[in-house]
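Novice: Please work out how this folds:
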Amino acid sequence: MIGDVVIQDGCFVGAGAIVRGDYSSIRIGARTALEEGCIIHCPPGEVCEIGNDVTLGHGAIIHCSKIGDFAVIGMGAIVSIHAVIGEWDMVGEGAVIVQGSSIPPRRVVVGNPAKIIKETTEEQMRFWSEIKEIYVDLCSRYREGLERIE
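Specialist: As a prediction, the model looks like this:
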């Protein structure tokens, strides 16, 4: 992490995640998971706001304006400049949310360029809520189990 970056409590930041607030600001809400290899950045002078309880899958590239609470960004997905992702949105693996897109809340989007295919179901929301708890638990386990290696 570099620059103007604020990460709230209970976040999981996996190995190799890059959060660049070098010429912009990045705000990451509580209990959000940045899985291994994620990249987060945004244009100069702007703010990338990632909500609470968000999951960013392995290798996701985030270069957007906002990701709402409880959203899931799949592995290898790209969320481009000035895009807005709503609460409980689910962006499929490898999907590309093109520059300036705005996805309404509770939608599932897939493809390149990404298209809305359906509304997020209650079952999907329950599943992802359980997954998010695993990452919150990992934060505690890592803090308790870390040992300094000289």
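Novice: Pull up the distance across stretch 60-76, start to finish.
Specialist: Chord length of stretch 60-76, first to last residue, is 4 Å (CA to CA, to the nearest Å).
Novice: Oh, that last question was meant for stretch 75-85, not what I typed.
Specialist: Using CA to CA, one end of stretch 75-85 lies 16 Å from the other.
Novice: please renumber so the chain begins at 43
Specialist: All right, first residue 43 from here; so that's stretch 117-127.
Novice: neighbouring contacts of that stretch?
Specialist: For stretch 117-127, contacts defined as CB atoms under 8 Å, 6 or more residues apart in numbering pick out 77, 84-85, 99-110, 113, 115, 133-145. Heads up, the C-betas are built off the backbone N, CA and C, glycines and all.
Novice: Tell me who's in contact with residue 142.
Specialist: By CB under 8 Å, 6+ apart, the residues touching residue 142 are 122, 123, 124, 125.
Novice: mind redoing it with 6 Å?
Specialist: Taking CB atoms under 6 Å, 6 or more residues apart in numbering, we find residue 142 in contact with residue 124.
Novice: any idea which strand is longest in this protein?
Specialist: Longest strand in the chain, counting residues (DSSP state E): strand 60-70.
Novice: if we can go back for a sec, and the contacts of stretch 117-127, which of them are buried?
Specialist: Buried members of the contacts of stretch 117-127, scored by 16 or more other CB atoms under 10 Å, are 77, 84, 99-110, 113, 115, 133-134, 136-139, 143, 145.
Novice: Who is the residue nearest the centre of the chain paired with across the strands?
Specialist: Closest to where the C-alpha atoms of the chain average out (CA atoms, centre = their mean) is residue 98, at 3.4 Å. Beta bridges link residue 98 to residue 76, residue 115, judged by DSSP bridges.
Novice: my read: it touches residue 80, true?
Specialist: Yes: contact criterion CB atoms under 6 Å: residue 98 and residue 80 qualify, at 4.8 Å.
Novice: Determine the three-state secondary structure at residue 170.
Specialist: Assigned by DSSP: H, G, I helix; E, B strand; the rest coil, the conformation of residue 170 is helix.
Novice: and it, how many neighbours does it have?
Specialist: By other CB atoms under 10 Å, 19 other residues sit near residue 170.
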